[in-house]
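**Student:** Everything below, folded, please.
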Amino acid sequence: MFRKRGRVHELASIPELHGCGRRKLEFLATQVDELQFERGQLMKTAGRPCTELLIVISGELMNGEGRLLGAGSVIGAEEMWERRLEPTSVRAMTAGRALTMGHGQFRAWKALASGIRQPSAKSYFDRALDTPRQRRIAADVGMS
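**Tutor:** Here you go, the predicted model:
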């Protein structure tokens with residue numbers, strides 16, 4: 001398990017989150033959990049409700065279309081945003097780590113980020129982290 005500082009560093013390395021400020025990344029780091037996965041582990045199942053966002057930190061995953069997903073890949077953002085089913089299964093090709101955001105955490109973020117028409121991970125998190133409510137929360141935990 002790695003600490004908040006490690007999560008911030010890992011989140012900063014995700015291309016879709018480039019440009020997010022340190023405070024935003026620190027706040028986001030408090031909203032995700034760490035998952036270690038093993039080679040062969042089924043991470044997502046096609047046709048089932050999407051209940052988790054995955055941000056791959058290390059290791060390799062492969063989706064049912066044969067696409068290799070590595071460090072920096074964000075999986076499930078659009079499906080969770082639109083409450084869709086998983087479009088494809090995803091299986092771990094190697095052991096690795098991911099940051100996860102469950103459905104409850106994601107719904108809270110979605111409420112903060114309402115108004116985004118075509119979300120990408122960066123626009124979604126950027127918008128969610130720049131609201132009066134988030135600024136109050138950040139002030140309460142001493143991040144402002």
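
**Student:** Show me the helices in the protein, by range?
**Tutor:** Secondary structure of the chain by DSSP state H: the helices cover 4-12, 22-29, 77-81, 103-112, 121-128, 132-140.

**Student:** what number of residues lie near residue 106?
**Tutor:** 23 (other Cβ atoms under 10 Å). Any C-beta I mention is one placed from the backbone N, CA and C, and that applies to glycine too.

**Student:** The residue nearest to residue 64 when sequence neighbours are not counted: what's it in contact with?
**Tutor:** Ranked by Cβ to Cβ, 6 or more residues apart in numbering and with sequence neighbours excluded, the top spatial neighbour of residue 64 is residue 88, at 3.8 Å. By Cβ atoms under 8 Å, 6 or more residues apart in numbering, the contact set of residue 88 is 44, 46, 63-65.

**Student:** what sits against the residue nearest to residue 46 when sequence neighbours are not counted?
**Tutor:** Distances taken as Cβ to Cβ, 6+ apart place residue 89 nearest to residue 46, at 4.5 Å, with adjacent residues excluded. Applying Cβ under 8 Å, 6+ apart to residue 89 gives the contacts 42, 44-46, 63-64.
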